[in-house]
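Peer 1: 3D model of this:
(one chain, ligands or ions: 1)
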Amino acid sequence: MYDVKSKKAEEFINHQEIMETLKWAHENKNNYDLIKDIIDKAREMKGVSHREGALLLECEIEELNQEMYSLAREIKQKLYGNRIVMFAPLYLSNYCVNGCVYCPYHYQNKSICRKKLTQEEIKKEVIALQDMGHKRLALEAGEDPVNNPIEYILESIETIYSIKHKNGAIRRVNVNIAATTVEEYRMLKEAGIGTYILFQETYHKENYEKLHPKGPKHNYAWHTEAMDRAMEGGIDDVGLGVLFGLNHYRYELTGLLMHAEHLEAVYGVGPHTISVPRIRPADDIDVNAFSNAVSDEIFEKIVAVLRIAVPYTGMIVSTRESPKTRERVLELGVTQISGGSKTSVGGYADEEVTEEEHTEQFDVEDRRTLDQVVSWLLQLGYIPSFCTACYREGRTGDRFMSLVKAGQIANICQPNALLTLMEYLADYASPETIMHGEKLIQEELKNIPHDKVRRLTIDYLEKIKQGQRDFRF
Ligand code: SF4
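Peer 2: Purely as a prediction, here's the structure:
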C-alpha cells in the first residue's frame, strides 16, 4: 500500500503506485488541457506531484514541451539567478565489499588498483584542491567496514577542515558514503558535514537487487530508508540521486519525486539536492550492457521536469557530462557543478599514474581545469559561486528552504556568490578569467535589491582585493 508518511521503503516508494502513475501518464500524454493545467499551476513555484511530474515527462505535445522548457528556465532564473555553485569530489578509498555491477570498485574487480589515502595523503589532496580554488568538497569512499570504517571517515573530515594553505580553506565537506546507522549519521553531523549524499541508483526493487548481488548494499530497504535514518541522526540536508541508465528513466523520475515527497511529508523538508548522473564507461564496465541508456534529449527533459517539480531543491551535474550537455542543463535547472574533477583515489596530488595504478570510478567527459570551467561559466553569463555561507550560518534544512521560499536569495546568495568569486579571482584565476570575472561582478552588483546589502558588498569586495577573506551574509 502506498503511504507517503510510512517509514517503510516499499510503502513510500511503492511499486504499484509507480506502475499506476506511469499508466496514467501514458494514457494522458496527449491530454492538452490536463497538461496545460499542470504547467499553469507550476508557475506558482510550489512544485508538482509525482503523478504530475510523470505526466510532464511523458507529454508528447511539442507546444507544451516548449512551454515546459521555458517554465523551467524561468523558475531557475527566479529562484537561483545566475549563480552556479562549484564543488569537487575527493575520493578517499576504493576498497569496497559490494558487488554493484555498474561500478569498477565492486569487490570482484581484480584489475583495478586498490588504494586508501592516509591522512598525510589527504592533506596533499586538499592542498592541491585548495590551490585550484575549491572551497566545497564531496567525499567519496567505497563501503568497507574494515578499510573504511566510520572512524576513518571522521578523521579524514577533521583533517580536511584543519588544512589552511595560503588563503585556501575547505569550508564545506559533503559526504557520499554507504547507507549507515542513525548513530553513525549523528557522528557525521557532529563532525560538521554539509549534505549527506546517497544515490538510490535505482528505485526498482527487483532490478536493484540484481544490480547489487552481494554485500550490505544488496538490502533495498536498508538503502532506501537511509535518508530517514540520516534525518533521525540530525542531518537535515540530504542529497538524492539515481544513476540514469540502470532502469527505465520514467520509473526513476517517479521514484525520485516520491522520495522527495516522503521527506517533505515526514520531516517537513525536502531533499537539499538531487543529482542526475548517467552511467559512464569505466574499468571493467561496458555501458552497452545497460539497455536503459538515456539520450541527451530525454536527459534535458528530466532536468526540466525536476526543476518544475521540486523548485527548491538544488540540482547537481558532474564532469560525467560533456561541456555541451552541461551548458544546456545549466539553463534548464542545474544549480551546482563540479570542475577540474579527478575520480581516482589520490588523483589531485598524483599527476603521474601508470596504467597498473589507475583507480578511477568512471571516465570524465569534461576534462577542463577549474579555471577553464570558471572562465566558461563567466562567458556564458553565470556567476561561479564558492559560497558555503548557509551551512556555516546554520541555515540548513527547513531554515535554508524558508530563505529560498521568502525570495531572499537575491539579498543573501547573490552577494555571497560575488564575494567568493572575488576571492577566487584574487587568489587563483588566470588573467583572462580575472577580466571576465571583474566585469561580471560589476554588472551583477546591480542585481542586489537591498541598498544596504549592496553597499556592504562593495565594501567587502574592496577589502578582499586588499587581502582580507571570508566575508559572508
Ligand atoms: S557503487 Fe559504491 S558500493 Fe557499489 S561497488 Fe561502487 S563504491 Fe562500492
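
Peer 1: around the ligand, pick out the residues from the stretch 51-200 of the chain.
Peer 2: 96, 98, 100, 103, 105-106, 142-143, 178 (C-beta under 6 Å from any ligand atom). For every residue, glycine as well, the C-beta is placed using N, CA and C.

Peer 1: apply 5 Å and report the result again.
Peer 2: 96, 98, 100, 103, 105-106, 142-143 (C-beta under 5 Å from any ligand atom).

Peer 1: which of those lies closest to residue 159?
Peer 2: Of all these, residue 159 sits closest to residue 142, with 18.8 Å by C-beta to C-beta.

Peer 1: what's the first helix or strand after the helix-or-strand element of the chain with minimal mean pLDDT?
Peer 2: Lowest by mean pLDDT, DSSP states H and E among the helices and strands of the chain is helix 397-405, with a mean of 80. Past helix 397-405, further along toward the C-terminus, the next helix or strand under DSSP states H and E is helix 409-427.

Peer 1: list the helices and strands that following helix packs on?
Peer 2: Using 3 or more C-beta pairs under 8 Å, 6 or more residues apart in numbering; DSSP states H and E, the elements in contact with helix 409-427 are helix 62-80, strand 83-93, strand 383-385, helix 431-445, helix 451-465.

Peer 1: quick one: residues in contact with the least confident helix or strand of the chain.
Peer 2: Helix 397-405 has contacts (C-beta atoms under 8 Å, 6 or more residues apart in numbering) with 79, 236-237, 267-270, 272, 312, 390, 395, 409, 412.

Peer 1: I'd like the residues you listed as TSV, with distance to residue 209 and secondary structure appended.
Peer 2: TSV is the format used below for those (distance: C-beta to C-beta, whole Å; DSSP: H, G, I helix; E, B strand; the rest coil):
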residue	distance to residue 209	secondary structure
79	37	helix
236	30	coil
237	29	coil
267	27	helix
268	32	coil
269	30	coil
270	27	coil
272	28	coil
312	33	coil
390	37	helix
395	39	coil
409	41	helix
412	44	helix
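
Peer 1: so how far is stretch 233-240 off the chain centroid?
Peer 2: Relative to its chain's centre, stretch 233-240 lies at 13 Å (C-alpha atoms, centre = their mean, to the nearest Å).

Peer 1: export it as PDB, just CAs?
Peer 2: The C-alpha coordinates for stretch 233-240 follow below in PDB (Å, rounded to 0.1, in the frame of the first residue of the first chain):
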ATOM      1  CA  GLY A 233      20.500  11.400  13.200                       C
ATOM      2  CA  GLY A 234      20.100  15.200  12.800                       C
ATOM      3  CA  ILE A 235      21.300  15.600   9.200                       C
ATOM      4  CA  ASP A 236      18.700  17.800   7.600                       C
ATOM      5  CA  ASP A 237      20.500  18.400   4.300                       C
ATOM      6  CA  VAL A 238      20.300  15.300   2.300                       C
ATOM      7  CA  GLY A 239      21.100  14.700  -1.400                       C
ATOM      8  CA  LEU A 240      19.200  12.200  -3.600                       C
END
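
Peer 1: so who does residue 276 touch?
Peer 2: Here residue 276 is in contact with 241-242, 244, 299, 302-303, 306, 315-317, 329, 334 (C-beta under 8 Å, 6+ apart).

Peer 1: which one among these gets closest to residue 86?
Peer 2: When the contacts of residue 276 are compared against residue 86 (criterion: C-beta to C-beta), the nearest one is residue 316, at 11.0 Å.

Peer 1: before we move on, the earlier item: quick one: which of the contacts of residue 276 sit in helices?
Peer 2: Among those, DSSP state H puts 299, 302-303, 306, 329 in helices.

Peer 1: just the buried residues of those.
Peer 2: 299, 302-303, 306, 329 (16 or more other C-beta atoms under 10 Å).

Peer 1: kindly reformat these as JSON lines and extend each row with pLDDT and distance to residue 166.
Peer 2: Listed next are these as JSON lines, based on pLDDT from 0 to 100; distance: C-beta to C-beta, whole Å:
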{"residue": "299", "pLDDT": "97", "distance to residue 166": "39"}
{"residue": "302", "pLDDT": "98", "distance to residue 166": "40"}
{"residue": "303", "pLDDT": "98", "distance to residue 166": "37"}
{"residue": "306", "pLDDT": "98", "distance to residue 166": "38"}
{"residue": "329", "pLDDT": "98", "distance to residue 166": "34"}
